[in-house]
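In: Need coordinates for the below:
(one chain, ligands or ions: 2)
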Amino acid sequence: MNPRLECQIHQQKLPPSEGMKNTVNVVLETITEKIHQDPVTGIQTLVGSNHQAYPDFNFSIESTCHSHIRDLLLDQLMIHRSSSRILASHIASAANNLGFGVNGFVITLLVTVTKRVYVVLSESALQVQRLLCEGIIDGDELKRLKMEAEPCSICLEHLLGSKTGGVPTRLPCSHVFHDRCLTKWFSRKNTCPMCRRVLFE
Ligand SMILES: [Zn+2]
Ligand SMILES: [Zn+2]
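Out: Ligands and ions are numbered 1, 2, ... in the order given. The predicted model follows:
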């Protein structure tokens, strides 16, 4: 399957005093989604994702020919050929609209490429993923439980607004911790950190 591409384009014409300078900036972020497909039901579940940001890539174009722009992109960016073709056509049409060869301009593209990889999980890893997916709660739910001021008892940081711990997640025993704290905990134990209830086999 081809990666999914999202692209926002900002274009700016330069005043004549700046000459015919043309600049294209590409700001790329890739997201790799890890998908587990249940062998029995075929249901696909997102079990994790990695974000990666790259240094900005700046270049000038010599023409609005798609293959010229595509080659420049492929030289510098770790993207799929199909994505480079789409970006090249966005850049070429923006450059034509701005008056390539007549006006100077700056085109900035904010690009997010999302790839999916399929992973095989052990049965226990799958059970942990289900616990975490089903347990995630938001701030309102936390207030309803009167726990908005409580710390996560794994990392001792507040349940809300933790940069390292992640989001509040409620286990079937009703105890709440951060999702990332639980991921680490469950790599060693299969019980709730508070009440020791066995949560998976
Ligand atoms: Zn925590
Ligand atoms: Zn518990």
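
In: what is the residue nearest to the spatial centre of the chain paired to in the beta sheet?
Out: Centroid-nearest residue in the chain: Ile31, 4.0 Å away (criterion: C-alpha atoms, centre = their mean). Legend: beta-bridge partners of Ile31 under DSSP bridges are His51, Thr114.

In: Report the contact partners of it.
Out: By C-beta atoms under 8 Å, 6 or more residues apart in numbering, the contact list for Ile31 reads Ser49, Asn50, His51, Gln52, Thr112, Val113, Thr114, Lys115. The way it works is simple: take the backbone N, C-alpha and C, and place the C-beta from them, glycine included.

In: And for the first one, the neighbour number?
Out: Right, the one you point to is Ser49. By the criterion of other C-beta atoms under 10 Å, Ser49 has 14 neighbours.

In: State the helix or strand in which it lies.
Out: Here Ser49, judged by DSSP states H and E, is contained in strand 44-53.

In: any idea of the mean pLDDT for the next helix or strand after that strand?
Out: Going down the chain from strand 44-53, the next helix or strand is strand 57-59, by DSSP H and E. The pLDDT scores in strand 57-59 average 95.

In: Please apply the same query to stretch 32-44.
Out: If you average the pLDDT over stretch 32-44, you get 83.

In: Between the two ends of it, what distance do you get?
Out: End-to-end span of stretch 32-44 (C-alpha to C-alpha, to the nearest Å): 15 Å.

In: And the contacts of Ile31, which of them are buried?
Out: By neighbour count, with 16 or more other C-beta atoms under 10 Å, the contacts of Ile31 hold Thr112, Val113, Lys115 as buried.

In: Now render these as TSV, adding distance to Asn22 and pLDDT.
Out: Shown next, in TSV, are the buried ones among the contacts of Ile31 (distance: C-beta to C-beta, whole Å; pLDDT from 0 to 100):
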residue	distance to Asn22	pLDDT
Thr112	24	95
Val113	24	93
Lys115	30	92
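
In: number of nearby residues for Leu74?
Out: For Leu74, using other C-beta under 10 Å, the count is 17.

In: cool, and the one 4 residues further on?
Out: Using other C-beta under 10 Å as the criterion, Met78 is surrounded by 10 other residues.

In: show me what contacts it?
Out: Going by C-beta under 8 Å, 6+ apart, Met78 touches Thr30, Tyr54.

In: tell me the SS of it?
Out: coil (DSSP: H, G, I helix; E, B strand; the rest coil).

In: And it, how far from ligand 1?
Out: For Met78, the distance to ligand 1 equals 33 Å [C-beta to the ion, to the nearest Å].

In: do the same with Thr45
Out: Thr45 is 23 Å from ligand 1, where distance means C-beta to the ion.

In: Pull the number of nearby residues for that residue.
Out: 14.

In: Surely it is in contact with Leu132?
Out: No - judged on C-beta atoms under 8 Å, Thr45 makes no contact with Leu132 at a distance of 10.7 Å.

In: packing partners for the lengthiest helix in the chain?
Out: Counting by DSSP state H, the longest helix found in the chain is helix 81-98. Where contact means 3 or more C-beta pairs under 8 Å, 6 or more residues apart in numbering; DSSP states H and E, helix 81-98 is packed against strand 4-13, strand 22-37, helix 66-76, strand 105-118.
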